[in-house]
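Peer 1: Here is my input, please return the structure:
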Amino acid sequence: MSLSPVYLVDASIYIFRAWYSMSDDFVNVAGEPTNAVYGFSGFLCSLLEQTTAEHVAVAFDESLTSSYRNDIYPEYKANRDPAPLELKRQFGWARSVAEAMGFQCFADPRYEADDLIGTLASYWRARGHPICVVTSDKDLAQVVGENDYWWDYAHNRKLNTRQLTEKFGVMPEQMADFLALTGDSVDNIPGVPGVGPKSASALLRHFGNLDSLYERLDEVQHLKVRGAKSLRKKLADNRDAAELARKLTGIVTEVESALAAPEVRRKTVDEARLNRLFDELDFGRMLRQRCLRS
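Peer 2: Modelled structure (predicted):
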C-alpha cells in the first residue's frame, strides 16, 4: 500500500504572484493592502480542494539577506529590490493564515525556503512518501526523485523526472551543476561567461556532473559542441567562478530546524484564529467560508 504524497509549497512564489495579479483595491479597514494575502489564501484553498492533501508543508523565506549563501558570496541576490513594506506585512499575514488553516509552516534565518523543502523532501521520501514540490522555480527540480513531481500549480504543469529532463535539458539531479555553468540572473549568480543552456546541457550529458567535467577538461575540445575549443578555455579560465556558483546553486537537504520538527500532517482549522485574522484583514464571507471548510 503506497503512502500518501507530501506536498511541499514554495510560499513566496504564490505570494508574489498574488501581489502582482490581484487588484490594489484589496485593503483592510486601516487602508493597508491585503491583495497578496487574499490571493495566497485562495491558492491554499484551491490546493486543498483539488488534492484533499493530508500532508502539506508551507516554506517561507526569512533569510533574504542573512542566508549562508550571502556569507559565501555577498552579491547573492543583490540585484533584487527590497520588498516594499506593504508586501512585507502581508508575508506575515500569509503565514498566520496558513497556520490557522492547519498547515505546517517552516522558515529559517540562515536557510532559504528551497533548503527547507529539500530537507523535508529528503526526510519524507526516505520514509516512503512520494513528494510533490509546488513551485514554478526551476532550482527546486533538483529535489525531485523517481516517484515525485514538480508542480507549477498556476500553469497546471505537473512534471515527473523524465518530463523535467525534457523541459530543462538536464536531469533533475544535474540542475545545480547546470545553473553553476550558465549562471542564474534571478539570483545574481554569474556562472561561466559564454556558456549557455545548450552548451551546459551537452557538457552534462557527456560528463554527468561538474566535478567530472573539470577532471576531464581536455575532452571538451573534442566534443561535437559549437565552439568546443574556445569552450574549454572559458571553462578553464572560470573554474573558480563555476565552483563558487555550485556552492550557491545546490539545495541543502539537512537543515537542522526542519529536521528537529519535520511533521507535515495537517492539523484541524483554528476557527477562532482564522476569524480574528479575517476580521483584521476585512475579508468577506466567501473566502472565509472556503478557508474554514477546507
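
Peer 1: for the closest residue to Ser136 other than its chain neighbours, which residues make a bridge with it?
Peer 2: Counting by CB to CB, 6 or more residues apart in numbering, Ser136 lies nearest to Asp152, which is 4.4 Å off, once chain neighbours are set aside. For every residue, glycine as well, the C-beta is placed using N, CA and C. Per DSSP bridges, the residues bridged to Asp152 are Arg157.

Peer 1: Show the contacting residues for Asp152.
Peer 2: Asp152 makes contact with 135-136, 158-159, according to CB atoms under 8 Å, 6 or more residues apart in numbering.

Peer 1: if I look at Lys234, how far off is Arg216?
Peer 2: 16 Å (CB to CB, to the nearest Å).

Peer 1: who has more neighbours, the two?
Peer 2: Neighbours per residue (other CB atoms under 10 Å) separate Lys234 from Arg216, with Lys234 holding more: 17 against 12.

Peer 1: how about the more buried one, secondary structure?
Peer 2: helix (DSSP: H, G, I helix; E, B strand; the rest coil).

Peer 1: Relative to Glu215, how far out is the nearest residue to it once chain neighbours are set aside?
Peer 2: Using CB to CB, 6+ apart and skipping residues adjacent in sequence, the residue nearest Lys234 is Gly194, 4.7 Å away. Counting by CB to CB, the separation of Gly194 from Glu215 is 21 Å.

Peer 1: And the strands in this structure?
Peer 2: Here the chain has its strands, by DSSP state E, at 6-10, 55-59, 104-106, 131-134, 149-152, 157-159.

Peer 1: Flag every buried residue along stretch 188-207.
Peer 2: Across stretch 188-207, burial judged by 16 or more other CB atoms under 10 Å covers 189-192, 195, 199-204, 207.

Peer 1: Stretch 267-286 now?
Peer 2: Applying 16+ other CB under 10 Å to stretch 267-286 flags 269, 274, 277-278, 281, 283 as buried.

Peer 1: what residues does stretch 259-267 touch?
Peer 2: Residues contacting stretch 259-267 (CB under 8 Å, 6+ apart): 6, 8, 53-57, 102-104, 119-120, 123-124.

Peer 1: And the furthest pair within those?
Peer 2: Largest separation among these by CB to CB: Gly102 and Thr119, giving 21.2 Å.

Peer 1: more crowded one of these two?
Peer 2: Using other CB under 10 Å, the more surrounded residue of Gly102 and Thr119 is Thr119, with 27 against 16.

Peer 1: so the more buried one sits right up against Ala258, yeah?
Peer 2: Yes - using CB atoms under 8 Å, Thr119 is in contact with Ala258, at 4.3 Å.

Peer 1: Mind jotting down where the helices sit in the protein?
Peer 2: 11-21, 35-51, 68-72, 85-100, 113-125, 161-168, 175-182, 197-207, 210-215, 228-237, 239-249, 256-260, 271-281, 285-293 (DSSP state H).
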